[in-house]
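Novice: Turn this into a structure:
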Amino acid sequence: MPEAENLPPLLLEPDVLQHILSTKQADNFLLVDLGSEERFSQAHLPNARLILPSETQAGPPIPGLSPSDAQLTQLLQRIGLTEDSHVVVYDDEGGGWAGRFIWLLDEIGHSKYSYLNGGIHAWAAAGFPVETGLISHPKSQIIVKNHSKNTLTADDLIKALKTNPPQIWDARSPKEYRGETINAAKGGHIPGALNYEWTQAMDQSQNLRLKPLEQILKELQALGMSADKDTVTHCQSHHRSGLTYLLAKLLNFKSIKAYAGSWGEWGNRLDTPIE
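Specialist: Numbers count the residues shown, from 1 in each chain. Now for the predicted structure:
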């Protein structure tokens with residue numbers, strides 16, 4: 001069998017991951033839990049490494065931006081990431097923080113990763129083992145250099161809107177999109193943006209698994225979105241749009257980039273156009 005056929009899928013179901021963890025293939029697996037220390041100490045996948053969501057962000061004044069190379073280096077060394085690691089990332093909220101971490105892996109050029117569908121909720125509901133407590137792990141020597149491969153800046157997007165506008169996927173709530181809920185100096189949305197709130201993709205009855213991808217694609221197409229277009233996604237701080245970034249990859253979009261500054265930046269700049 002060709003080696004490529006042995007690669008784990010981007011979307012991993014709990015039973016598939018449980019099987020892999022019982023095989024030699026698991027030797028290179030690195031399980032990453034995006035969540036709070038409190039919840040992690042109560043339940044996490046065996047041998048998972050904890051990353052706090054705040055560790056994936058730059059912090060004020062524009063929290064959606066990526067941490068610096070030095071900060072990412074320190075974080076990824078702490079969890080033991082190596083070039084050979086196949087990262088399985090999950091969270092407890094349906095994929096926002098997990099998707100954001102996948103974006104960060106893309107940023108540094110690390111392409112070996114999967115998302116555990118439904119995260120800790122689906123895993124525990126299936127009756128698979130969980131561990132408790134906080135544990136330490138060996139560090140790695142990975143060095144992050146020259147990241148930002150899958151991100152547009154606000155200036156990039158302003159320029160693109162005047163010349164060759166990309167398809168913009170706004171993952172915020174409809175009220176934020178319409179400007180009825182304002183979380184910045186200005187309310188509304190980026191001109192031409194299409195609104196598909198991140199939670200629409202989740203199946204609440206299936207432990208926050210994603211709805212069938214074919215169904216999600218049909219819902220996006222009904223809004224006028226196309227997988228054949230260059231796409232940029234955002235929310236308020238590129239947390240919710242972490243999931244929509246991941247969804248675009250799962251749906252084989254032609255290209256997907258993040259506007260990491262998101263509305264927290266766009267809505268507070270004087271020179272940004274809005275609708």
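
Novice: contacts, neighbours, all on C-alpha from now
Specialist: OK.

Novice: Asp84 against Ala26, yeah?
Specialist: No. With contact defined as C-alpha atoms under 8 Å, Asp84 does not count as touching Ala26 (11.7 Å).

Novice: What ranges in the stretch 101-250 of the chain fall below the confidence cut-off?
Specialist: In the predicted model, the stretch 101-250 of the chain carries pLDDT under 70 at residues 147.

Novice: Looking at Asp84 and Ala26, which is more packed in?
Specialist: Just comparing Asp84 and Ala26: by other C-alpha atoms under 10 Å the higher neighbour count belongs to Ala26, 16 against 11.

Novice: For that one, give its distance to Leu10.
Specialist: Going from Ala26 to Leu10 by C-alpha to C-alpha, to the nearest Å gives 15 Å.

Novice: With Leu213 instead?
Specialist: For Leu213 relative to Leu10 (C-alpha to C-alpha), the value is 13 Å.

Novice: now Leu161
Specialist: Leu161 sits 31 Å away from Leu10, going by C-alpha to C-alpha.

Novice: now swap in Pro53 and tell me
Specialist: Going from Pro53 to Leu10 by C-alpha to C-alpha gives 21 Å.

Novice: picking that back up, find residues that contact each of Leu213 and Leu10.
Specialist: Listed as contacting both Leu213 and Leu10 by C-alpha atoms under 8 Å, 6 or more residues apart in numbering are Leu250.

Novice: higher neighbour count, these two?
Specialist: Remark: of Leu213 and Leu10, Leu10 carries more neighbours, 16 against 13, as counted by other C-alpha under 10 Å.

Novice: who touches stretch 228-245?
Specialist: Taking C-alpha under 8 Å, 6+ apart as the rule, stretch 228-245 contacts 62-65, 94-103, 152, 166-172, 183, 198, 253-264.

Novice: now do stretch 22-35
Specialist: By C-alpha under 8 Å, 6+ apart, the residues outside stretch 22-35 that reach it are 20, 40, 44-45, 47-53, 81, 84-92, 97-98.

Novice: List the buried residues for it?
Specialist: For stretch 22-35, burial by neighbour count (16 or more other C-alpha atoms under 10 Å) applies to 26, 29-35.

Novice: Next: stretch 56-69.
Specialist: Residues of stretch 56-69 classed as buried under the neighbour-count rule (16+ other C-alpha under 10 Å) are 56-57, 62-69.

Novice: hey, where'd the strands end up in the stretch 101-250 of the chain?
Specialist: In the stretch 101-250 of the chain, strands defined by DSSP state E, counting those that start in this stretch lie at 113-116, 167-170, 194-195, 202-203, 209-210, 230-234, listed in chain order.

Novice: Report all helices and strands that the first one contacts.
Specialist: The reference is to strand 113-116. Helices and strands touching strand 113-116, by 3 or more C-alpha pairs under 8 Å, 6 or more residues apart in numbering; DSSP states H and E, are strand 11-12, strand 86-91, helix 96-107.

Novice: partners of the shortest one in the sheet?
Specialist: Looking at strand 11-12 with DSSP bridges, its partner strands are strand 113-116 (parallel).

Novice: Understood, closing this out.
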